[in-house]
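Participant: Return atomic coordinates for the entry below.
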Amino acid sequence: MKALHEAILTANRCGIASFEDMLRDHLTDGYVICTPDTFICAMDTWRDFGEAHAQLGWFITLAVGDIAELCRLDPKPEVRKWIGYVRQEGQEVRWVDYQRLRKKILRHECT
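Facilitator: Residues are numbered from 1 along each chain as shown. Below you'll find the predicted structure:
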């Protein structure tokens with residue numbers, strides 16, 4: 001199954017009301033990565049730590065396939081600190097240390 005088709009099915013399962021609206025939002029204000037094997041929609045976001053302290057991150061709205069594509073194509077790889085995502089609408093955002101993930105992916109690709 002191609003990644004785009006799988007992304008549409010995943011969006012429906014995850015409660016995304018309109019795949020087309022979500023895609024339009026990301027095409028105009030975010031990032032869309034689409035290859036035969038990977039489909040990712042992401043937005044720049046800030047992880048807020050309170051007291052006027054926040055760090056730049058990605059918010060992954062939808063991802064199917066190889067998340068390493070996101071790291072390879074990131075226009076701000078050195079300044080981005082976090083990846084945030086939820087598995088189901090209404091859940092709390094889970095945060096992953098982006099620099100640690102990026103290093104792990106790059107190390108894996110070089111071996």
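
Participant: Now R87. Nearest residue, chain neighbours left out?
Facilitator: C14 (7.4 Å; Cβ to Cβ, 6 or more residues apart in numbering). In short, each C-beta sits where N, CA and C put it, glycine included.

Participant: Pull up the gap between the most far-flung residue of the chain relative to its centre and I67, please.
Facilitator: Distance from the C-alpha centroid of the chain, by Cα atoms, centre = their mean, peaks at E51 (26.2 Å). E51 is 31 Å from I67, where distance means Cβ to Cβ, to the nearest Å.

Participant: element containing the spatially most central residue of the chain?
Facilitator: Geometric centre of the chain, nearest residue: I60, 2.7 Å, by Cα atoms, centre = their mean. I60 is part of strand 54-64, with elements assigned from DSSP states H and E.

Participant: now L101
Facilitator: Assigned by DSSP H and E, L101 falls in helix 98-109.

Participant: quick one, that helix and strand 54-64 angle?
Facilitator: 50 degrees (axes from the mean of the first three to the mean of the last three Cα atoms, to 10 degrees).

Participant: what helices or strands is helix 98-109 leaning on?
Facilitator: Where contact means 3 or more Cβ pairs under 8 Å, 6 or more residues apart in numbering; DSSP states H and E, helix 98-109 is packed against helix 68-73, strand 82-85.
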